[in-house]
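*Asks:* I would like the atomic coordinates for the input below:
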Amino acid sequence: MSMLKQNGSGAVAATAELTEYEIAASVQTDKGCVREANEDSGRYAKPNDRTLLLNKGTLLIVADGMGGHASGEVASGMAVELVSRLYYQGQGDSQAVLKEAVEEANRLIYAASIKDEKLNGMGTTCTALVLQQGVAFSAHVGDSRIYLRRGGQVYLMTEDHSAVMEMVKRGIITMEEARHHADKNVILRALGTSPEVEAATWEKPQPIQIGDQFLLCSDGLHDLVEDEEINQALANTTGPHEACEQLIALAKQRGGHDNITVGIVHIQPAGGDNSSSSADSQNLRITREVEAAK
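*Replies:* This is a model prediction of the structure:
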C-alpha cells in the first residue's frame, strides 16, 4: 500500500488540466453477515442544475455510524444528509466549505444526541470527496477511507483517526500489524461525540486524470480486504457498480463481521460509455444519487 503525500506537488504527477470528462459512480452498502442492522450510510450527489454542478461539482460520502442499532443509523444518515445540504448551500472556497459542512454536521449531530435520550452517545465517521472542475478534494473524520487507483497502483489518500494509526505514526507497530491489532476499531475522532471536531483535509486539491478511480469505504471493507485486492477489483471489473458488488461479496466471504459500504467514482473521457454508473443493487440498502439542494 502506498500513500499519496499531500505536499503541494503530490507524489503522482498530474497530466494537463482536464477540460471534459464524465463520472461513472456507484454507492452500495450491506449489513454484512453478523450485524442485525446496517448503521452505515452512503451518498453520491450530482446536481441537476448545471451552474451548481460547475461551481460545486459532485459529492461522494461514506459514513459509519456507532452507538447501537437505531442511533448509529441515525448518526450516519444525518451525516450524509447534512454534509450534502450544507456543502451545496455554502458560499466561498469549495474546499473550505466542505470542511465547514462536516464540522457543522458534527455540531448538529451532537446537539441531536443531547436532546434525545435514545440517541445519547451516537456518533459516526464521515469521509467526503468532491470532484470539481478537474480536481478532487476531501474532508475526513474517523476511520473510513479514500483510495485512489492511478497508473495501475492504489494509494491511500486518508489517515485513520484511530488508536492503532497513532501507534503506526510513532513507530510502535507497522501498518500490517495495525490490521490485526486488538484495538484496530478504536477511533479517536468522530462526528457527534463531542461539541467540536476538526475535519482533516488535503493541503490542496488533487488534480485528477482520465482513468482515475476513487474508492471510499467503511472499515467493514478495509478490515477484511487487502489494498491490492481493492486494486485488482478496480482493474478487472466492468465499472463501479460491479466493483462495489465484488468487493462487498469478498468482505462477506471473509466473515462480514461489520456493515460494509463502498462508493466508487471513475473519471472517464467525455462521451464514453457510462452504462456502468448505476447506483442501485438488488437487496442492498443504498442511498441513491440525489439532486443536491439548489
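*Asks:* tell me the mean pLDDT for stretch 118-127?
*Replies:* For stretch 118-127, mean pLDDT rounds to 95.
*Asks:* next one: stretch 84-99
*Replies:* 97.
*Asks:* could you pull out the helices for the chain?
*Replies:* Assigned by DSSP state H, the helices in the chain fall at 50-56, 69-89, 94-115, 163-169, 175-179, 219-222, 227-236, 240-253.
*Asks:* out of these, nearest to residue 209?
*Replies:* Smallest distance to residue 209 across the helices of the chain (C-beta to C-beta): 14.4 Å, for helix 227-236. All C-beta spots, glycine's among them, are computed from the backbone N, C-alpha and C.
*Asks:* and the closest one, what's buried?
*Replies:* Across helix 227-236, burial judged by 16 or more other C-beta atoms under 10 Å covers 227, 229-234.
*Asks:* now the angle between helix 240-253 and that helix, please.
*Replies:* Comparing the axes of helix 227-236 and helix 240-253 via axes from the mean of the first three to the mean of the last three C-alpha atoms, to 10 degrees yields an angle of 150 degrees.
*Asks:* which strands and helices sit next to helix 227-236?
*Replies:* strand 145-150, strand 153-156, strand 213-217, helix 240-253 (3 or more C-beta pairs under 8 Å, 6 or more residues apart in numbering; DSSP states H and E).
*Asks:* poorly predicted segments of this protein, please.
*Replies:* 1-19, 69, 163, 166, 168-169, 173, 175-185, 272-294 (pLDDT under 70).
*Asks:* do you know how far residue 200 is from residue 159?
*Replies:* 7 Å (C-beta to C-beta, to the nearest Å).
*Asks:* got it, and residue 24?
*Replies:* With C-beta to C-beta as the criterion, residue 24 and residue 159 are 27 Å apart.
*Asks:* who has more neighbours, those two?
*Replies:* Per other C-beta atoms under 10 Å, whichever of residue 24 and residue 159 has more neighbours is residue 24, with 20 against 15.
*Asks:* quick one: that one and residue 58, what's the gap?
*Replies:* Distance from residue 24 to residue 58, by C-beta to C-beta: 11 Å.
*Asks:* so what sits against both of the two?
*Replies:* residue 265 (C-beta atoms under 8 Å, 6 or more residues apart in numbering).
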